[in-house]
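Enquirer: Quick one: sequence and predicted model below, then my questions.
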Amino acid sequence: MRKPIIAGNWKMHKTMEEAVDFAEKVKGLVPSNAQVDTVICAPFLFLDRLVKEVSGYNVKIGAQTMHYEEKGAYTGEVSPAALKGIAVSYVIIGHSERREFYNETDESVNKKVLSAFRNGLLPIVCVGESLEQWENGETNEHVGSQVKKALQGLTKEQVKDLIIAYEPIWAIGTGKSSTAEDANKVCEHIRQVIENSFSKEAADSVRIQYGGSVKPENIRTFLSQPNIDGALVGGASLDPDSFLKLLEASIND
Ligand SMILES: O=C(CO)COP(=O)(O)O
């Protein structure tokens with residue numbers, strides 16, 4: 001049985017004050033760690049403060065990207081060592097917005113995934129197809145290729161631990177989510193790709209989230225699917241009440 005994992009991706013939202021206010025409101029009300037893994041992926045600036053704020057509660061903090069080198073002359077970047085140094089637990093890698101606006105490629109995604117493990121961070125690896133690919137029936141081929149390339153060079157044990165987020169690009173921030181059945185089929189395909197590339201055990205253990213217009217009202221339909229183990233949530237993770245509702249729904253599955 002895979003434990004559900006609900007992660008909020010705040011993207012470029014909130015000020016420090018708003019971030020701390022959110023953490024204060026939410027931390028004491030999240031379900032137990034035996035029931036669900038809870039993650040908040042916030043802008044870099046808030047991470048140190050948030051880690052301290054939620055210490056001792058069932059909330060882990062994640063970054064939204066990172067560089068793959070441990071250090072170096074990369075102006076404006078943040079290293080995995082710096083994230084680990086402030087006790088960040090997770091890092092989103094290869095979000096479609098990073099791929100679209102910041103030239104993230106399958107190659108850089110792979111370097112970052114390997115680097116996350118070298119540095120003791122758990123990657124949430126994002127994959128997903130465009131509307132055009134979806135309409136042309138190319139989803140499985142595209143997503144399968146992204147998964148294979150992202151995970152190249154990992155051990156079976158590492159694959160068991162990581163998180164994959166399947167986010168159809170056309171469903172992100174549009175209010176138009178994939179149907180749970182369609183999303184489940186793609187997640188099943190992802191598991192098959194992992195079984196072929198690694199092992200059946202890795203495919204059975206890896207947790208796959210769905211992302212794209214997930215809301216408290218629809219999250220149960222996704223989580224009730226056999227191959228979907230959680231959600232990566234943008235807009236609906238910003239409000240404390242809404243985030244708590246997502247968590248509650250995940251344990252009532
Ligand atoms: O991109 C997403 C999470 O990473 C999804 O965003 P929305 O939940 O706002 O559609």
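Expert: Arrived safely, thanks for sending.
Enquirer: and Cys126, what does it touch?
Expert: Neighbour list for Cys126: 92-96, 164-165, 167, 211, 232 [criterion: CB atoms under 8 Å, 6 or more residues apart in numbering]. Every C-beta, even on glycine, is put in place using the N, C-alpha and C of the backbone.
Enquirer: any idea which of these is the one closest to Asn58?
Expert: Checking those against Asn58 with CB to CB, the nearest one is Leu232 at 17.8 Å.
Enquirer: Next, give phi and psi for the nearest residue to the closest one once chain neighbours are set aside.
Expert: Nearest residue to Leu232 in three dimensions, chain neighbours excluded: Gly211, at 3.6 Å (CB to CB, 6 or more residues apart in numbering). Gly211 adopts backbone torsions of phi -140, psi 150, taken as degrees, to the nearest 10.
Enquirer: How many residues are close by Gly211?
Expert: 28 (other CB atoms under 10 Å).
Enquirer: Identify the residue of the protein closest to the ligand, quick one.
Expert: Gly234 (2.4 Å; CB to the nearest ligand atom).
Enquirer: For Leu151, see how far away Ala63 is.
Expert: 20 Å (CB to CB, to the nearest Å).
Enquirer: swap in Glu188?
Expert: 17 Å.
Enquirer: Tell me which of these two has more neighbours.
Expert: More neighbours surround Leu151 than the other of Glu188 and Leu151, with 24 against 17 (other CB under 10 Å).
Enquirer: Pull the contacting residues for that one.
Expert: Leu151 touches 110, 113, 125, 159, 162, 194, 197-198, counting by CB under 8 Å, 6+ apart.
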